[in-house]
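Chemist: give me a 3D structure for the following:
(chains A and B)
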Amino acid sequence: MKSGNKLNKIAVWDEDSARHILARTLFGYNKQDVEFALSITLDEFVDNHLLSDSPSPPQPGIWVNDPTDENTTEHTRELIYWWYNLMVTQGYSLRERMVLFWHNHFVSEVTKVYLPQRMYWQNKLFRDYSMGNVIDLTKAVTLDPAMLIYLDGIRNRKGAPNENYARELMELFTLGIGNYTEQDVQEGARALTGWRVDGLTPYFTVDRFDEGTKTFLGQTGNFNHNDVVDIIFTQPAAATFLCRELYNEFMHVAHDEDSIATMAQLLRDNNFNLKPVLSTLLKSVLFHTDEVRGAKIKSPVEMLIGVMRQFNVTTPDYVYLRQVAAQIKQELLSPPNVSGWDGDKVWINTTSLPARNIFTDAVVNGRKPNGDDLTFQLNLVEYARTFSNPEDAIQLINDISKIFLQYPLSENRREYLLTTLLDGAAVYDWSTNDPQAENRLKMFFKALMRLSEYQLS
Amino acid sequence: MDRRSFLRNLGIVAGAGTVSMAIGNIPIRAFSKSFLNIQAVNGKVIVLLQLSGGNDGLNTIIPFEDSLYYNARPSLGISKEQAVHLSNLTGMHPSLQPLKTFFDDGNLAVVQNVGYDDPDRSHFRSTDIWLSASDSDIIINDGWVGRYLANVLPDHNPINPEHPMAIQIGSTQSALLECTCQGTMGISFESPNQFYQLIQGSTADNDPPPDTIAGNQLKYIKEIAAQSIRYAEIIKEKADSVQNLATYPDTRLGRQLAIVAELIAGGLETPVYLTSIGGFDTHAGQSGPHANLLSEVAEAVAAFQQDLDLLRVADRVVLMTFSEFGRRVRQNSSGGTDHGTAAPLFLIGKNVVGGIYGKNPDLADLDNSGDIKFQYDFRQLYATLLTDQLGMPADRLPDVLQRSFESLPLISTSNFGPGGPLAFQIEQNYPNPFNPATTINYSVRVPQSIKLEVFTAAGDRVTTLVNEHQETGNYSVKFDGGKYPSGVYFASIRSGAVKQTIKMMLIK
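Modeler: Now for the predicted structure:
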């Protein structure tokens, strides 16, 4: 079967496909999530849950509406904690995954944007359009105050263009390098002139707008900001560029241009509405094939939030989460530069990998490496007893592995985990009633999450 | 292949004490204990300092006699009075004052207009071009340092080097150290102590993953796990064995370079370090932030040089700066500058032959976007570091840089090698300064082909004095500067990979 055709063939719905789709769409899952998914069909799970619309969550505080409030450090923190909370408690919607995807696509950094209020409104934009129309989203981003500030749109005016946004709009947001010229950057910048920001509101100043004729991507006219976006999306490269990123996000990084082309055609056929493409992809044999499973390196956010969701922790230690996220290089609202986080292998290096291990150890210990208690404590015996046969050590390891690992557990690794859990005892001696059970489970969970396999989704 | 079998394959039996041997043209000494990188590169180290975001070259090295500069930069231009003068035409940004003393001592080289053909103005693409050493229209997925370490350092073994092949100070890892053939060739950490604490409790796992997409990801993660466990201890040990002797500024870059100095002086055999500082993408309100960034660079680099000197390792180390591009000649309406092309860079070190290489940019002859045309290909700098600092045979350059590039006479190789007998030796010319003629004496200790050339400070060849096979003996040649203007000239004697350079002064 040509790989492009695998996109249109519906996958088998079983425990393995349920685990795979949960892992890739929800930043981690628990046993109840697998049971819920399997209680309905793949169609229902994708269309009625993952891709369903839900109302906007409440704002993190009234400060988001106040452009004069300059308590930026505290509000940046509040905004990040609020966002973590949405990810941890997201239900079965793809929305939060897409919000993070768009944050890493239409990048802004809070330090330059200055007011976290603006980052909140940009974040809301990503949430409102999370699975919506990509052209509309791009137009909204073009006039988004955070973006106007971040890529110097507010400095872009008639007679003195600033090319920053025009260039990144095409290079990083829509077309990709090689699909436009230096002249398109310069002419596009002229068409984007005239916009500024007052507090939290964009406004247009007609005498800063360059009303002259521009020649942009082969078309000539007195173009403005909306024309620029419309013309960009007439380029064949636009759909391909976005679908390659979606492929990266949901599949893996080994590009399969055949499938990407099929996805791109589907996106064009649906006038750049995302849902049909996401629905097709998430149900497809392409997505559910064996070689995709466990082939993605978890992002720091995926790993951090994932641990919380795997252990059913609904009120995480936000301070510690944010601290570790900074250490392992994914600070929300502060991507490294306008191209965002590179992802994949870049996430894992000799600093970040040990730091990930220390984090998972700390969650199990209930204590940070500096000795301070976390704001929550796990009860591992109780947790083990939520599985169907907790007194059978081998079955318990198998069942728990299905929540924590996407990469299949080798015989060697299973043996290692069993030895760790038993800690010298015989397998028939294992009991969750043993006074040492909690300690043994601690050793077991630390070893489980220290496996290299745990870093894969 | 392990270390011992490598030695056996070379036909060498390493017993007690030391054994001298040579690989290619490079004299190396193999000690029975640690046989690694440092011997292959004669203990030489390169420290790369990446200025991310595109450093504004025109406000770094100032052409203060050029009215076109001030026309293009009405508010951003650095005045002649403010500039730190390096010559009668060229100055440095005042923030770079701490580096002036190194220039005066002949240990700081400024190389003008470094860039490449058909320049790309995307940060990401141009950074990739610089890191991968590719042509502008070719995409290469690994880094030139990674390829050097994997392909050229002869005894590299990806499983077992005792010390890391390359170190990046920071908590991300650059593509510079990647090689598609063997994966990452270096490790990264923020500080030796933190690194050591991080790996406590880790265990390596040797299950071989299958050759699938997921299996290859897993293989990568396991390698990183194994590397971090293997190196954390030795790095901490080396860092703890010495103390910085200079006072560094309390900045991110200052801390990075302090760590590098400790590791070099502590005896870590790693030949390549990467350090970095970001924030150079000055599209708006450039003046203050750019001055602060250059201060941070100058103060940290000056402390580093001083420290290396006090730690008695300065003659082993060359530091080079680089940035993905310079910035547009004409300032923009936001008091900043947009993405540009060629720009100057710095080399600093005891064995650097100081001076200004190349001319001030010709601001009357810009490209279609109003950007500076390049004079030196950035890969000439890499070629220079590889051959004249790390001692790589020049005929291996294509293995690292895709093809050969002519190196520049930026690094003196006269004390090449701690132990290897030099096959030739050049002496300081006499008289010096001279007018109009001077004599250069040199000795040849092994019959070989010898090339002796004279260059201007800009790197242009003036004349070739010798180019022939010569027998063992002492030789003497005369250089007549009668038809050349006053200034600094370099006489460079070369045989294969090994080169020595002397600096000569013609004063009329």
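
Chemist: tell me the contacts of residue A:447?
Modeler: Contact analysis of residue A:447 by CB atoms under 8 Å, 6 or more residues apart in numbering or on different chains lists A:416, A:417, A:420. C-beta coordinates here come from the backbone N, C-alpha and C atoms, glycine included.

Chemist: quick check: which element contains it?
Modeler: If you go by DSSP states H and E, residue A:447 is part of helix A:437-450.

Chemist: quick one: average pLDDT of that helix?
Modeler: Averaging pLDDT along helix A:437-450 gives 93.

Chemist: stretch B:345-359 now?
Modeler: In this model, stretch B:345-359 carries a mean pLDDT of 94.

Chemist: just stretch A:26-44 next, same as before
Modeler: pLDDT averaged over stretch A:26-44 gives 97.

Chemist: neighbouring contacts of that stretch?
Modeler: A:10-11, A:13-15, A:17-19, A:21-23, A:45, A:48-49, A:87, A:90, A:92, A:94, A:96-97, A:283, A:301-302, A:305-312, A:386-387, A:399, A:402-403.

Chemist: quick revisit: how far does the helix holding residue A:447 sit from the chain's center?
Modeler: The chain centroid and the centroid of helix A:437-450 are separated by 28 Å under CA atoms, centre = their mean, to the nearest Å.

Chemist: rewinding a little: PyMOL command to pick out the buried ones of the contacts of stretch A:26-44?
Modeler: This is how PyMOL selects the buried members of the contacts of stretch A:26-44, with burial counted by 16 or more other CB atoms under 10 Å in any protein chain shown:
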select buried, chain A and resi 11+13+17+18+19+21+22+23+45+49+87+90+92+94+96+97+283+301+302+305+306+307+308+309+310+311+387+399+402+403
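
Chemist: what secondary structure does the most centrally placed residue in chain B sit in?
Modeler: For chain B, the residue nearest the mean C-alpha position is residue B:320 (4.2 Å; CA atoms, centre = their mean). With DSSP: H, G, I helix; E, B strand; the rest coil as the basis, residue B:320 sits in strand.

Chemist: equivalent analysis for residue A:44, please.
Modeler: helix.

Chemist: residues in contact with residue B:381?
Modeler: B:111, B:114, B:320, B:322, B:345, B:347, B:408, B:410.

Chemist: so, low pLDDT: which residues of the chain?
Modeler: By default, I'm working from chain A. Along chain A, the parts satisfying pLDDT under 70 run over A:1-4.

Chemist: wrong chain, I was asking about chain B
Modeler: In chain B, residues with pLDDT under 70: B:1-42, B:152-161, B:171, B:181-183, B:201-204, B:206, B:414-423, B:446, B:495-499.

Chemist: from it, which residue is nearest to chain A?
Modeler: With CB to the nearest CB as the measure, residue B:333 is the residue of chain B nearest to chain A, at 2.9 Å.

Chemist: OK, contacts around that residue?
Modeler: Neighbouring residues of residue B:333 by CB under 8 Å, 6+ apart: A:155, A:157, A:159, A:160, A:161, A:162.

Chemist: rerun at 6 Å
Modeler: With contacts taken as CB atoms under 6 Å, 6 or more residues apart in numbering or on different chains, residue B:333 has the following neighbours: residue A:160.

Chemist: and for residue A:288?
Modeler: So residue A:288 contacts A:11, A:17 (CB under 6 Å, 6+ apart).

Chemist: please report phi then psi for it.
Modeler: Backbone torsions for residue A:288, taken as degrees, to the nearest 10, come to phi -90, psi 10.

Chemist: that one and chain B, how far apart?
Modeler: 14 Å (CB to the nearest CB, to the nearest Å).

Chemist: what about the helices in chain B?
Modeler: Remark: helices assigned in chain B by DSSP state H are B:3-9, B:37-40, B:67-72, B:100-104, B:123-132, B:144-147, B:192-199, B:213-240, B:252-265, B:287-310, B:378-384, B:397-401.

Chemist: quick one: name the residues of chain B near chain A.
Modeler: Contact residues, chain B versus chain A (CB under 6 Å from any CB of the partner chain): B:122, B:124-125, B:171-173, B:187-189, B:198-199, B:207, B:212-214, B:217-218, B:220-222, B:224-225, B:227-228, B:283-284, B:332-334, B:338, B:369.

Chemist: please pick the buried ones from those.
Modeler: Buried among the residues of chain B next to chain A (16+ other CB under 10 Å): B:122, B:124-125, B:171-173, B:187-189, B:198-199, B:212-214, B:217-218, B:220-222, B:224-225, B:227-228, B:283-284, B:332, B:334, B:338, B:369.

Chemist: tally of neighbours for the residue lying closest to residue B:173 once chain neighbours are set aside?
Modeler: Spatial nearest neighbour of residue B:173, chain neighbours left out: residue A:349 (4.1 Å); criterion: CB to CB, 6 or more residues apart in numbering or on different chains. Per other CB atoms under 10 Å in any protein chain shown, the neighbour tally for residue A:349 reads 26.

Chemist: do the one 3 residues further on as well
Modeler: For residue A:352, the tally of surrounding residues (other CB under 10 Å) stands at 26.

Chemist: how far away is it from chain B?
Modeler: From residue A:352 to chain B the distance is 6 Å (CB to the nearest CB).

Chemist: so that residue is in contact with residue A:330, correct?
Modeler: No - with contact defined as CB atoms under 6 Å, residue A:352 does not count as touching residue A:330 (9.4 Å).

Chemist: tell me the domain boundaries of the chain?
Modeler: Answering for chain A, as no chain was given. Recorded structural domains for chain A (assignment: automatic domain parsing) are A:15-232, A:300-365, A:380-455.

Chemist: oops, I was thinking of chain B
Modeler: B:36-401, B:424-506.

Chemist: tell me the most buried of these?
Modeler: Most buried of the domains of chain B by mean neighbour count (mean count of other CB atoms under 10 Å in any protein chain shown) is domain B:36-401; its value is a mean of 21.

Chemist: wait, what's in contact with the residue nearest to residue A:254 when sequence neighbours are not counted?
Modeler: Distance criterion CB to CB, 6+ apart; nearest residue to residue A:254, sequence neighbours excluded, is residue B:213 at 5.2 Å. Going by CB under 6 Å, 6+ apart, residue B:213 touches A:252, A:254, A:291, A:295.

Chemist: buried subset of those, written for PyMOL?
Modeler: Restricted to buried positions by 16+ other CB under 10 Å, the PyMOL selection for these reads:
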select buried, chain A and resi 252+295
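
Chemist: and chain A, which of its residues are near chain B?
Modeler: Residues of chain A found near chain B (CB under 6 Å from any CB) are A:152, A:155, A:160, A:162-164, A:171, A:177, A:182, A:252, A:254, A:291, A:294-295, A:297, A:329, A:339, A:345, A:348-351, A:353-355, A:407, A:410, A:412, A:452, A:455-456.

Chemist: list buried residues within these.
Modeler: By 16+ other CB under 10 Å, the residues of chain A next to chain B give A:152, A:155, A:162-164, A:171, A:252, A:294-295, A:297, A:329, A:339, A:345, A:348-351, A:353-355, A:407, A:410, A:452, A:455-456 as buried.

Chemist: tell me which entries of those residues lie within helices.
Modeler: A:164, A:353, A:354, A:355.

Chemist: pull the most distant pair out of those.
Modeler: A:164 and A:354 (37.3 Å; CB to CB).

Chemist: how much space separates the closest residue to residue A:383 other than its chain neighbours from chain B?
Modeler: Spatial nearest neighbour of residue A:383, chain neighbours left out: residue A:311 (6.6 Å); criterion: CB to CB, 6+ apart. To chain B, residue A:311 is 20 Å away according to CB to the nearest CB.
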